[in-house]
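Undergrad: next input, structure requested:
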Amino acid sequence: MAVETTLVLIKPDGVRRGLAGEVIARIERKGLRIVGMKLLRMSSELSDRHYAAHVQKGFYPELKAFMTGGPVIAIAARGENAIAHWRNLMGATNPANAAPGSLRGDFCTTVTENVVHGSDSAESAATELALWFAPSEIVE
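TA: Model (predicted):
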């Protein structure tokens, strides 16, 4: 199994609803290590870079307003098969399809405000982590 580092975002609704502790606890209980973490407000520019594949889509203005509208917690989580493990913990993007026991299955009702984000591949993890963290901000 490969040791990977993935980006985890606790979105503004997760922060606002006080779910950060639950998300962090689930990361740690799964056996993933937090190797970077910060609380910040996503800028308009960072939103456009992070969601570059969606900027021209009709839903993007609503997503951008949501993601820049409150604090976000960015986490670098590392472990064996971290990307797949985190995606399973998150659950399906659409909470109606998310399994009970997943974060989205337990806490979400809409596709936009779905508490968390996670990288979907090693390539996107590398790109996203570089947007959110300087190399010196990730602990080895």
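Undergrad: show me where the chain has its helices.
TA: Assigned by DSSP state H, the chain shows helices spanning 12-16, 20-29, 44-50, 60-67, 82-90, 103-107, 122-132.
Undergrad: tell me which other helices or strands the last one touches.
TA: If contacts are counted by 3 or more CB pairs under 8 Å, 6 or more residues apart in numbering; DSSP states H and E, helix 122-132 sits against strand 3-10, helix 44-50, strand 71-80. Placement of C-beta: from N, CA and C, glycine included.
Undergrad: can you check which of those gets nearest to R16?
TA: Nearest to R16, of all the helices and strands packed on helix 122-132, is strand 71-80, at 8.2 Å by CB to CB.
Undergrad: chain center to that closest one, what's the gap?
TA: 7 Å (CA atoms, centre = their mean, to the nearest Å).
Undergrad: and it, average pLDDT?
TA: The pLDDT scores in strand 71-80 average 98.
Undergrad: would you mark the buried spots in it?
TA: V72, I73, A74, I75, A76, A77, R78, G79 (16 or more other CB atoms under 10 Å).
Undergrad: where does this protein have low pLDDT?
TA: Filtered on pLDDT under 70, the chain yields no residues whatsoever.
Undergrad: now T109: closest residue in space, sequence neighbours ignored.
TA: Nearest in space to T109, with sequence neighbours left out and distances taken as CB to CB, 6 or more residues apart in numbering, is P95 at 5.8 Å.
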